[in-house]
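Trainee: got a sequence here, can you model it:
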Amino acid sequence: MSNQYADLHKILNLGFEFSQIKDIDLLLEKILGEARKFTSCDAGSIYVKEGENLRFSYAQNDTLQRKLPLGRKLPYATFSVPISNQSIAGHVAANGTILNISDVYELDASIPFSFNRSYDDITNYRTKSMLTIPLKNFRGDIIGVLQLINAMDDKGEYIPFAEDDANTIKYFANNAAHAIERAKMTREIILRMNKMAELRDPKETGPHVNRVASYAVILYETWAMTNGLPQDEIDKNRDVLRMSAMLHDVGKVAISDTILKKPGRFTPEEFQVMKLHTLYGANLFKDIYSDFDESAGIVALNHHERWDGTGYPGHIDPTTLKPLPGYDLEGGGARGKQGKEIPLFGRIVALADVYDALSSRRCYKEAWDENSVVTTIREEAGKQFDPELVEVFMECLDSFRQIEKLYPDEAAEASLS
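Mentor: Reported below is the predicted structural model:
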């Protein structure tokens with residue numbers, strides 16, 4: 001009984017930790033990691049309900065992770081499965097009950113669902129025991145599925161999941177589901193803010209802002225680990241950075257359509273107006289109620305600054321639109337921020353935004369090939385970009401390629417379907 005009490009106490013504490021994470025992607029990572037610790041298992045995945053399907057949204061696998069270089073993320077492909085009795089996850093979502101399977105390769109032929117061995121075949125992994133749990137909100141609606149793979153004993157041998165784990169994990173799943181639902185609402189609010197910008201500027205698409213935010217988090221994580229930052233600080237900053245990066249161009253909602261949707265090059269006067277989107281965006285977050293407000297304002301204001309000081313808007317007060325005292329230039333304007341005068345989050349999003357702009361197809365250009373993009377970014381080290389972050393970027397290319405697959409542009413996604 002004492003062990004069960006300790007488990008329940010831990011689950012309550014985890015519920016509070018989950019509630020502090022606002023970004024859905026980082027929350028899924030935390031939930032899956034904690035569920036695996038709780039049940040001592042090697043791998044797992046989370047599916048999130050989208051309409052009548054489950055979207056494979058996050059995966060972890062310690063055995064496969066150990067084969068990768070330190071700091072490299074495990075690559076996985078996102079896909080959807082119908083909520084039906086055909087698959088294990090679909091069956092759990094359709095029926096709302098837990099499945100505890102000792103060996104998925106030994107399923108009885110009479111049961112309606114089956115296990116897809118294709119991922120095991122590709123990776124030479126052996127999935128054996130599996131505990132699959134429905135994630136239900138407070139109304140009892142299914143919002144996703146948590147799937148835990150290969151429970152392990154003290155020697156690292158795969159064993160079946162204990163029935164006690166199956167019973168206790170229900171409470172864990174309830175807390176996780178409530179946190180996921182809140183985080184989905186937060187993500188939806190941010191995407192709706194971006195949709196307002198997208199109505200004005202077609203380049204500001206959902207896939208674009210998700211990619212930029214994901215690139216930014218990868219860059220920050222790698223930079224932070226290289227610089228020895230504590231994990232709790234990294235986790236906290238990842239959360240606010242990801243949401244802030246999604247809103248880097250939200251200030252464009254205040255720019256005239258005549259300028260924003262102009263097909264050709266801007267005149268010098270038009271470009272001066274276009275630059276104001278950084279100040280308008282920062283002004284949206286001038287009343288700081290949380291770390292997110294502060295971070296979002298920093299990113300909106302600084303993501304067009306350049307390491308060499310030739311970026312914009314420079315040392316300007318976003319409220320008055322006037323240069324800060326001592327930073328005005330002769331002839332008008334403000335001195336650009338230079339080097340580490342530019343806040344870290346601004347330097348990170350600047351690189352992430354340019355990488356995505358060069359790598360993506362636009363109405364006025366084709367996507368650049370990767371070699372050209374990488375060469376350009378390397379050449380801009382110490383000029384447009386923080387040279388330390390460019391070195392970090394070079395270490396993150398594999399992760400960037402994976403993010404591009406997770407968030408394809410709608411036209412590309414449609415052509416693949």
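
Trainee: now the closest residue in space to L397 that isn't next to it in sequence: how far from E380?
Mentor: In space, and not counting its chain neighbours, L397 is closest to V374: 7.1 Å by CB to CB, 6 or more residues apart in numbering. In short, each C-beta sits where N, CA and C put it, glycine included. Separation of V374 from E380 (CB to CB, to the nearest Å) stands at 11 Å.

Trainee: cool, and S244?
Mentor: 23 Å.

Trainee: equivalent analysis for D249, please.
Mentor: Distance, D249 to E380, using CB to CB: 20 Å.

Trainee: equivalent analysis for N61, please.
Mentor: To E380, N61 is 36 Å away according to CB to CB.

Trainee: again, but for R306
Mentor: R306 is 9 Å from E380, by CB to CB.

Trainee: of the two, which one has the most company?
Mentor: Legend: neighbour count by other CB atoms under 10 Å for R306 and E380, higher for R306 (20 against 17).

Trainee: how is the more buried one assigned, secondary-structure-wise?
Mentor: Per DSSP: H, G, I helix; E, B strand; the rest coil, the secondary structure class of R306 is coil.

Trainee: same check, this time on I133
Mentor: With three-state DSSP as the basis, I133 sits in strand.

Trainee: surely it touches A173?
Mentor: Yes. With contacts counted by CB atoms under 8 Å, I133 reaches A173, the gap being 4.8 Å.

Trainee: quick one: neighbours of E233, just the number.
Mentor: 10.

Trainee: excluding its backbone neighbours, what's nearest it?
Mentor: Closest residue in space to E233, ignoring its immediate chain neighbours: A224 at 7.5 Å, by CB to CB, 6+ apart.

Trainee: do you know how far that neighbour is from A109?
Mentor: Counting by CB to CB, the gap from A224 to A109 is 50 Å.

Trainee: what about the two, which has more around it?
Mentor: Set A224 next to A109 and count neighbours by other CB under 10 Å: A224 wins out with 19 against 5.

Trainee: quick one, phi psi at the more buried one?
Mentor: Per-residue torsions, A224: phi -70, psi -40 (degrees, to the nearest 10).

Trainee: show me the contacts for it.
Mentor: The contact partners of A224, by CB atoms under 8 Å, 6 or more residues apart in numbering, come to 233-234, 237.

Trainee: at 10 Å what do you get?
Mentor: 230-231, 233-235, 237-238, 344, 392 (CB atoms under 10 Å, 6 or more residues apart in numbering).

Trainee: buried subset of those?
Mentor: Taking 16 or more other CB atoms under 10 Å as the criterion, what is buried in the contacts of A224 is 234-235, 237-238, 344, 392.

Trainee: okay, and which of the residues you listed map to strands?
Mentor: Among these, DSSP state E puts none in strands.

Trainee: tell me which of those residues has the lowest pLDDT.
Mentor: Lowest model confidence among the buried ones among the contacts of A224 falls on D235, which carries 88.

Trainee: isn't that residue up against K30?
Mentor: Yes. Here D235 reaches K30: they are 7.8 Å apart, a contact under CB atoms under 10 Å.

Trainee: quickly list what's touching both of these two.
Mentor: Shared contacts of D235 and K30 (CB under 10 Å, 6+ apart): 17, 20-21.

Trainee: what about those residues, which one has the most neighbours?
Mentor: Of all the shared contacts of D235 and K30, I21 has the most neighbours under the rule other CB under 10 Å, reaching 23 neighbours.

Trainee: for that one, which non-adjacent residue is closest in space?
Mentor: L27 (4.4 Å).

Trainee: quick check: phi and psi on the one you found?
Mentor: phi -70, psi -40.

Trainee: ok, it - contacts?
Mentor: Per CB under 10 Å, 6+ apart, neighbours of L27: 17-21, 46, 58, 176, 179-180, 182-184, 186-187, 239.

Trainee: what subset of these is buried?
Mentor: 18, 21, 46, 58, 176, 179-180, 182-184, 186-187, 239.

Trainee: among those residues, which lie within helices?
Mentor: Assignment to helices by DSSP state H places the following of those there: 18, 176, 179-180, 182-184, 186-187, 239.

Trainee: farthest-apart pair in the buried ones among the contacts of A224, please.
Mentor: Within the buried ones among the contacts of A224, D235 and V392 form the most distant pair, 18.2 Å apart (CB to CB).

Trainee: any idea how the protein splits into domains?
Mentor: 2-183, 201-416 (automatic domain parsing).

Trainee: now do the residue nearest to E233 against W368, distance only.
Mentor: Distance from A224 to W368, by CB to CB: 29 Å.

Trainee: P230 now?
Mentor: As judged by CB to CB, P230 and W368 stand 37 Å apart.

Trainee: then G336?
Mentor: Distance from G336 to W368, by CB to CB: 26 Å.

Trainee: neighbour-wise, which of the two wins?
Mentor: The residue with more neighbours, out of G336 and W368, is G336; 22 against 17, by other CB under 10 Å.

Trainee: isn't the more buried one right next to E305, touching?
Mentor: Yes. Counting by CB under 10 Å, G336 touches E305, with 6.3 Å between them.

Trainee: which residues are common contacts for these two?
Mentor: If you check G336 and E305 against CB under 10 Å, 6+ apart, the residues they both contact are 311-315, 342.

Trainee: what's the closest non-adjacent residue to I31?
Mentor: Nearest to I31 is A176, by CB to CB, 6+ apart, at 4.6 Å.

Trainee: also A93?
Mentor: Using CB to CB, 6+ apart, the nearest residue to A93 is I83, at 4.6 Å.

Trainee: from the contacts of A224, which land in helices?
Mentor: 231, 233-235, 237-238, 344, 392.

Trainee: got any ranges where the stretch 101-250 of the chain has weak pLDDT?
Mentor: Judged by pLDDT under 70, the stretch 101-250 of the chain has its weakly predicted residues at 197-205.

Trainee: let's see that with 80 instead.
Mentor: Along the stretch 101-250 of the chain, the parts satisfying pLDDT under 80 run over 166-167, 194-206.

Trainee: got the buried ones among the contacts of A224 as TSV, with distance to K262 columns?
Mentor: Formatted as TSV, the buried ones among the contacts of A224 follow (distance: CB to CB, whole Å):
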residue	distance to K262
I234	41
D235	42
N237	37
R238	36
L344	33
V392	35
